[in-house]
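Chemist: got a sequence here, can you build the structure:
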Amino acid sequence: MRLLTAGLALLITMAAAHFAAAQTPPAPAATRIVVAATKLPTVTDVPLHFRLVRVTLSPGERSSPSGNNGVLYQVAGSTDVSACGDAKVLNAGEGLFVASGKTCQVKAGGTEPSIFLHFLLASAADLDRQTDTPPAAVTELYRTSAPIPGLRAGEYDLNLTRVTFPARMPSNAPHHRSGAALYYIISGTGANTVGDQTIARGLGSLIYEPYGLVHQWGNPGDAPLTFLTFNINPEGVPAVRPGAPEQGQ
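Modeler: The predicted model follows:
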């Protein structure tokens, strides 16, 4: 009788544990929204750099963004865009790809200043080229000091993606980029680990991830972490790969 009672109690305990586990919601995952994307037939004709500038237009002012392949990302206000494809209005959080050699016409809309980021995949020869014409106020935020390494012959994907890590999200597994990426944090504070060093990265931080850099990202804070990723990767190859590159990758 005692054995029967003990066995019944064990079954009840196991069932309760299974029920509790079944009721535990899965850990929240990162969300990714592609803001703008295109395909590039080659990235090896000339050495390439990442460059990022911030552009401010007062209400009613006009400018003409141009240069190498890049993406406009609206931070605040709105911008009326024409002459580089279908006319459209960029509102905060929206973006637009601008192809190399094309010039857009932009105008600050509404009654507030228009502020946008201009991400560029710039040739070395064009690093000092004016990206946005006066009267736009242009501030360079970042440029890579050396050409992006590890680029290979063939087609590449180019995209700007907005990524959000929920609060208290543990660091992801060590990984590397198959191409390269430039991060810009727009809210929250993330934990960026490279080797045995973890650094807090907050609002406005810029982080360059060249090919082969093994790293991790997490969000130990109580607020979501949101950042933009300006990324290139070989067509048909995942942008992120686990661990360190293998020989021949």
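
Chemist: how does the chain divide into domains?
Modeler: 31-35+149-242, 48-143 (automatic domain parsing).

Chemist: could you tell me the least trusted of those?
Modeler: Mean pLDDT per stretch puts domain 48-143 lowest among the domains of the chain, at a mean of 93.

Chemist: so where do the helices sit in the chain?
Modeler: 2-23 (DSSP state H).

Chemist: so who does residue 165 touch?
Modeler: By Cβ atoms under 8 Å, 6 or more residues apart in numbering, residue 165 lies in contact with 30, 188, 190, 217-219, 224-226. Every C-beta, even on glycine, is put in place using the N, C-alpha and C of the backbone.

Chemist: that older thread, mind checking which of the domains of the chain is nearest residue 42?
Modeler: Between residue 42 and those, the tightest spacing by Cβ to Cβ is seen for domain 31-35+149-242, at 7.0 Å.

Chemist: in a markdown table: the domains of the chain, plus distance to residue 42.
Modeler: What follows is these, written out as a markdown table (distance: least, Cβ to Cβ, whole Å):
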| stretch | distance to residue 42 |
| --- | --- |
| domain 31-35+149-242 | 7 |
| domain 48-143 | 10 |
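
Chemist: coming back round to it: please pick the buried ones from the contacts of residue 165.
Modeler: 188, 190, 217-219, 224-226 (16 or more other Cβ atoms under 10 Å).

Chemist: show me what contacts residue 244?
Modeler: Contacts of residue 244 (Cβ under 8 Å, 6+ apart): 174, 176, 212, 214.

Chemist: perfect, I'm done here.
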